[in-house]
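Trainee: here is a sequence together with a model predicted from it:
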Amino acid sequence: MRVSVIIPVGPAESPDAPLFARLNLLPSSWQVIIALCPESESLKTMLDLPRHAEMIVAPTGRAQQMNAAAEKAQGQYLWFLHVDSVLTCAVVQALEQVLAQSPDTLLCYRLRFAGDGQGPVGMNALGANLRTRVLGVPFGDQGFCLPVKRFREVGGYPEAIPYGEDHVLVWLLRLQGVGAHMLPCDLETSARKYRSAGWLSLTLRYQWYWLRQAAPYAGCLLVRRLKRLIRL
């Protein structure tokens, strides 16, 4: 089994989430783990899943649920997907092609938002893709895939922080010398959060959150690079 696909399901998710209806696009040899929380456990009786999919229940919290699923993973790679992402044949094939080369890196997709949001969310997607390409800092809705050994080396997703567990995971990996590689394929995801919270308010909040959270890790990397230059 080469890939373990991990899908956390929060308290407010419905059985109509886009990803559930398209899990049959995944290779039957891949492990699929749906990580429910106690508040979403009722979905167990509502979902019609492929035979190679299983469901677990973990403590509420995306980091906690993904880490619990990763403990049960049997694949060489872990692929973390959000339930409001849209799975397509192109998305799966793009990943298969790169995994055939056994990469030792963090893989992610170009982000594209669906038309269910509010405001110029295309600018947000453009900014996320530019940040990934230039700074090597993707976010979780870009569909992280990485070697299971790398995930376990950094201790998985941090559970003690209130937000940004995916962002911090990226920095932990970078401190271990594991960079990010963006696949030449779009992964569409819902923009509903911009409709419910307001585009400008949420955009500004996200920018502040990620800059504040990135500062200590970026500073640590900068110090390391300066020390290397001094040795040279």
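Mentor: Sure, I can see it. Everything numeric in this text was worked out from a predicted model, so none of it was measured.
Trainee: and Arg195, what element?
Mentor: Using DSSP states H and E, Arg195 sits within helix 192-197.
Trainee: just Arg110 next, same as before
Mentor: Counting by DSSP H and E, Arg110 is found in strand 106-113.
Trainee: send the alpha carbons of that strand over as CSV?
Mentor: The C-alpha trace of strand 106-113 is given here as CSV (Å, rounded to 0.1, in the frame of the first residue of the first chain):
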residue,chain,number,x,y,z
LEU,A,106,6.3,17.9,0.9
LEU,A,107,4.0,17.8,-2.1
CYS,A,108,1.0,20.2,-2.5
TYR,A,109,-1.2,21.5,-5.3
ARG,A,110,-2.0,24.9,-6.8
LEU,A,111,-4.9,26.3,-4.9
ARG,A,112,-8.1,27.3,-6.6
PHE,A,113,-11.2,28.4,-4.9
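Trainee: same question for the longest helix anywhere in the chain, mean pLDDT?
Mentor: The helix spanning the most residues in the chain, taking DSSP state H as the definition, is helix 199-231. Helix 199-231 comes out with an average pLDDT of 91.
Trainee: residue contacts, the residue nearest the centre of the chain?
Mentor: The residue lying closest to the centre of the chain (C-alpha atoms, centre = their mean) is Gly140, at 3.0 Å. Contacts for Gly140 (C-beta atoms under 8 Å, 6 or more residues apart in numbering) come out as 80, 82, 165-167. Quick note: C-beta positions are derived from backbone N, CA and C, even for glycine.
Trainee: thinking again about what came up before, mind listing what's buried along the longest helix of the chain?
Mentor: Neighbour counts using 16 or more other C-beta atoms under 10 Å place 199, 202-203, 206, 210, 213-214, 217 of helix 199-231 among the buried residues.
Trainee: may I see the residues you listed arranged in a markdown table, with distance to Lys72 as well?
Mentor: A markdown table is the format used below for these (distance: C-beta to C-beta, whole Å):
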| residue | distance to Lys72 |
| --- | --- |
| Trp199 | 38 |
| Leu202 | 33 |
| Thr203 | 36 |
| Tyr206 | 31 |
| Trp210 | 30 |
| Gln213 | 28 |
| Ala214 | 31 |
| Tyr217 | 29 |
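Trainee: kindly provide the distance from Arg150 to Gln176.
Mentor: To Gln176, Arg150 is 7 Å away according to C-beta to C-beta, to the nearest Å.
Trainee: and the pLDDT at the residue nearest to the centre of the chain?
Mentor: Confidence score, pLDDT, at Gly140: 94.
Trainee: now do Pro120
Mentor: 95.
Trainee: tell me if I'm right that it and Thr203 touch.
Mentor: No - the criterion here is C-beta atoms under 8 Å, and Pro120 misses it with Thr203 at 9.2 Å.
Trainee: just checking, what's the longest strand in this protein?
Mentor: Taking DSSP state E as the criterion, the chain has its longest strand at strand 180-189.
Trainee: packing partners for it?
Mentor: Here strand 180-189 touches strand 85-86, helix 89-99, strand 106-113, helix 121-135, going by 3 or more C-beta pairs under 8 Å, 6 or more residues apart in numbering; DSSP states H and E.
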